[in-house]
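In: Sequence first, then the predicted structure, then my questions.
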Amino acid sequence: MFYTTDSNRHGLAHDPFKAIVSPRPIGWIGSKGGDGSINLAPYSFFNAVSDRPKLVMFSSSGRKDSQRNAAETGAFTCSFVSRNLADKMNLSSAALPYGDSEFDFAGLTAKQAELVDAPYVGEAFAVLECKVTEIIEPKTLSGEPSENVFVFGEVVGIHIDEAIVRDGRIDMSLARPVARLGYMDYSETSEVFEMFRPRSQQG
Ligand SMILES: Cc1cc2nc3c(=O)[nH]c(=O)nc-3n(C[C@H](O)[C@H](O)[C@H](O)COP(=O)(O)O)c2cc1C
């Protein structure tokens with residue numbers, strides 16, 4: 001099968017794009033508004049995009065509260081979702097009125113970050129504290145503004161639940177992170193295997 005995305009005539013019942021680019025990590029974005037209200041929402045257009053400096057980004061499909069708050073306060077957190085928190089993560093995606101806390105709605109503990117003015121999920125196995133570096137409004141191929149907003153942040157602090165550390169390394173088979181697939185599908189990391197990169201011929 002091949003199709004061009006300008007017509008999007010794939011002939012399938014549902015658009016396969018997001019199912020192809022998967023699994024995607026879920027950044028559970030905690031933020032605070034200029035009015036002091038706290039907010040939480042999952043974003044799977046999210047990833048780590050650099051390690052020196054440590055940069056992450058999330059993409060808001062349209063104007064949403066997380067992006068608004070990150071712009072207002074210059075900060076956000078990314079909590080990570082383990083299998084036991086999947087239902088609460090899903091609940092926190094509810095479109096509540098601005099200012100209503102998804103932490104309360106989903107029954108999660110909002111903890112104040114150490115270095116930035118934003119809340120995070122107290123139950124999460126790991127959390128990144130981020131300061132906004134750039135907010136970009138990407139353009140389409142024809143130069144038109146798209147409806148998306150990219151929020152980039154530099155990671156300035158990291159929380160790790162020591163229960164997932166084994167032999168000095170984070171063991172993802174203990175953390176059991178949940179990832180987003182396409183449609184309504186999710187996956188849980190249940191098997192981890194190692195590979196070592198090839199050595200250069202030049203030594
Ligand atoms: C697993 C998951 C991933 C999501 N990823 C995104 C995303 O990448 N971008 C986006 O705009 N919305 C995404 N959503 C929808 C938002 O979470 C939802 O619109 C939410 O109400 C936004 O909240 P906010 O306005 O408080 O930021 C996702 C929802 C779920 C359940």
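Out: Perfect, thanks for sending it.
In: Look at the closest residue to residue 180 other than its chain neighbours and say how many residues are nearby.
Out: With sequence-adjacent residues excluded and distances taken as CB to CB, 6 or more residues apart in numbering, residue 180 is closest to residue 44, at 3.7 Å. (C-beta placed from N, C-alpha, C; glycine too.) Neighbourhood size, residue 44 [other CB atoms under 10 Å]: 19.
In: Surely residue 44 and residue 21 touch.
Out: No. Between residue 44 and residue 21 there is no contact under CB atoms under 8 Å: 9.7 Å.
In: List the contacts of the residue nearest to residue 180.
Out: The neighbours of residue 44, taking CB atoms under 8 Å, 6 or more residues apart in numbering as the test, are 24, 25, 26, 27, 179, 180.
In: do residue 68 as well
Out: Shown in contact with residue 68 (CB under 8 Å, 6+ apart): 33, 98.
In: one step back: out of the contacts of residue 44, who has the most neighbours?
Out: Counting neighbours by other CB under 10 Å, residue 27 leads the contacts of residue 44 with 29 neighbours.
In: and it, what are its bridge partners?
Out: Beta-bridge pairing for residue 27 (DSSP bridges): residue 43.
In: That one touches residue 49, doesn't it?
Out: No. Assessed by CB under 8 Å, residue 27 is found out of contact with residue 49, at 11.5 Å.
In: Pull up the overlap in contacts between these two.
Out: The contact sets of residue 27 and residue 49 overlap at residue 56 (CB under 8 Å, 6+ apart).
In: one step back: for the contacts of residue 44, give me JSON lines that also has pLDDT.
Out: JSON lines is the format used below for the contacts of residue 44 (pLDDT from 0 to 100):
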{"residue": "24", "pLDDT": "98"}
{"residue": "25", "pLDDT": "98"}
{"residue": "26", "pLDDT": "98"}
{"residue": "27", "pLDDT": "98"}
{"residue": "179", "pLDDT": "98"}
{"residue": "180", "pLDDT": "98"}
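In: biggest separation within the residues you listed, which pair?
Out: Pairwise distances across the contacts of residue 44 (CB to CB) peak at 11.3 Å, for the pair 27 and 179.
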